[in-house]
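Visitor: Provided below are the primary sequence and the corresponding predicted coordinates.
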Amino acid sequence: MKKIGTATAICLALGSSSAFAIGLEGFQINGFLSVAMAWSNEEYLASGLEPVYYTYIRKRPSFDEDSDVGIQITKQIREDTSITTQFLALAAEEWDVEAVWAFLKWEPNDHWQFRVGRVRTNAYMLSEYVNVGYAYPWVRPPEEVYSQVPTDFSNFTGVDLLFKTVFNKRDLSFSVFYGATSGHLYSPSNLQLPFGIDTTIFDTLRTRLSDLYAFNLKYGDEVFSVRAGYQTARLTLDPNPGTALEAVNAILNTMASGVPLAGIAPIGLDYVNYFTTDNVRASFGGIGYQFDWKNFVSMGELVQRRIATPLISNAIGWYLMGGYHVRQFLPHITFARERLVDNKIRRFNGAINSGFMTLSGSPITLDQIASQLVNTSPNFQGGAGSQSSVTLGIRWDVYEGIALKGEYKHIHPDLNSPGLFDYAPIGSVNVYTFALAAVM
């Protein structure tokens, strides 16, 4: 039986010795590569727009998102201390190379491990090797779960410690992390704003996550394991100068200033910089399991995101996968679901909506703008949409370290939700994907 469970993947991701490692004068070098092509059967809307799934999947085949290449280098300084760096280039980012990992690790004994530097906080069960397509059955992990925390906000600079032991003949580990990170998010391109701003260019939000605490607990063995994780942080979002969101903020600030404007009564200081988030609480938690026994394989996760800002919706997502090994082949099926768990559409009363339309000349209300911002999720990295899906796939392990994959995914957005499309499609949509994944 061909195992695709965590043993090989974790060795690759964590820089442990593996069959694919290359030694070079005290250095250990690992590499991975994925090349994938995806397209859908979605039809154009009556308006002429084409609904795009997950920011890039259209009727025309695309290699833009699921293709990547990475290299990991580990140098053992002494018996208990090492330095690890991982460089990653994504097709979606024009193959620009980024150092996603760079940390010093100290292991004083078999039970304790300390790291300092840029590390991944393991928001998900597959976080350590989510970019290593060879490590899991699918071409990409289920988007209903893995879209909720953008990849840019999975790598943090800070410190962590890991304790591991054996309990009742199974491995038990617990980790704690503290750190921070910063980056950018992009809001939808199709906001209907009348300020003379080219809204085909995504609005950029400067983003900072500080005081991040992450906790992860895992228990089990190669046959069955369970995992639970929780993260909490302080989130700050700032629209860049000249963006549409800054323009909305400026008009709200004017309305809140108390200066009489065309008979519009002041709306109160609570709306000053309403579309700016300053140091609010954000949290993300999840549980999951992995099962790999004889020819049977199964995995599942349940996650929930909560953020105290009107810009980003709270969401819950889950998936359940089952498969059966047939020699070098693994056919599998996955059921997945994501939905919003709050209503952040209606935020402004009638007077505020009317005042905004009068002052700005906008043909739509603030409520409609807010609805698009929250629910047009894929362009807003880390967004969410309500949808369900069924994925049928097959993996063929051609050689050790090389796998070919094919998938058919049937997606059904909820009523009045675009799901993970930028525009609500006409009914259900099928997505087809083929990929080659390899490790070295």
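Guide: That came through fine.

Visitor: List the buried residues of the helix ranked longest in the chain.
Guide: If each helix of the chain is counted by residues according to DSSP state H, the longest one is helix 244-256. Using 16 or more other Cβ atoms under 10 Å as the test for burial, helix 244-256 gives Ala244, Leu245, Glu246, Ala247, Val248, Asn249, Ile251, Leu252, Thr254, Met255, Ala256. From N, CA and C alone the C-beta is placed, and that goes for glycine too.

Visitor: Using the three-state scheme, assign Glu50.
Guide: Using DSSP: H, G, I helix; E, B strand; the rest coil, the secondary structure recorded for Glu50 is coil.

Visitor: Pro108 now?
Guide: Pro108 - assigned by three-state DSSP - is coil.

Visitor: The one 5 residues further on too?
Guide: Using three-state DSSP, the structure places Gln113 in strand.

Visitor: Report the beta-bridge partners for the spatially closest residue to it that is not a sequence neighbour.
Guide: Of all residues not flanking Gln113 in the chain, Leu162 sits nearest, at 4.2 Å (Cβ to Cβ, 6 or more residues apart in numbering). Bridge pairing for Leu162 (DSSP bridges) gives the partners Gln113, Ser175.

Visitor: quick one on the thing from earlier: tell me which residues of the helix or strand just after the longest helix of the chain come out buried.
Guide: Beyond helix 244-256 in the direction of the C-terminus, DSSP states H and E gives the next helix or strand as strand 277-293. Along strand 277-293, these residues count as buried under the neighbour rule (16+ other Cβ under 10 Å): Thr277, Ala282, Ser283, Phe284, Gly285, Gly286, Ile287, Gly288, Tyr289, Gln290, Phe291, Asp292.

Visitor: Out of those, give me the two with the largest separation.
Guide: Farthest pair in the buried residues of strand 277-293 (Cβ to Cβ) is Thr277 and Asp292. Separation: 41.4 Å.

Visitor: before we move on, the earlier item: where is pLDDT lowest across the buried residues of strand 277-293?
Guide: Of all the buried residues of strand 277-293, Thr277 carries the smallest pLDDT score, 83.

Visitor: Phe177 - how many residues pack around it?
Guide: 21 (other Cβ atoms under 10 Å).

Visitor: Tell me the helix or strand right after the helix or strand that it is a member of.
Guide: Taking DSSP H and E as the criterion, the element that holds Phe177 is strand 170-186. Where DSSP H and E defines the elements, the next helix or strand beyond strand 170-186 is strand 204-220.

Visitor: Show residues contacting stretch 274-281.
Guide: With Cβ atoms under 8 Å, 6 or more residues apart in numbering as the test, stretch 274-281 has contacts from 210, 232-239, 245, 248-249, 252, 307-311.

Visitor: how does it look with 7 Å?
Guide: Contacts with stretch 274-281, where a contact means Cβ atoms under 7 Å, 6 or more residues apart in numbering, come from 232, 234-239, 245, 248-249, 252, 308-309, 311.

Visitor: re the thing from before, out of the buried residues of helix 244-256, who's nearest Glu42?
Guide: When the buried residues of helix 244-256 are compared for distance to Glu42 (Cβ to Cβ), Ala244 wins out at 26.6 Å.

Visitor: so how many other residues sit close to Lys169?
Guide: Using other Cβ under 10 Å, Lys169 has 6 neighbouring residues.

Visitor: And the pLDDT at it?
Guide: 93.

Visitor: How about Ser18?
Guide: 43.
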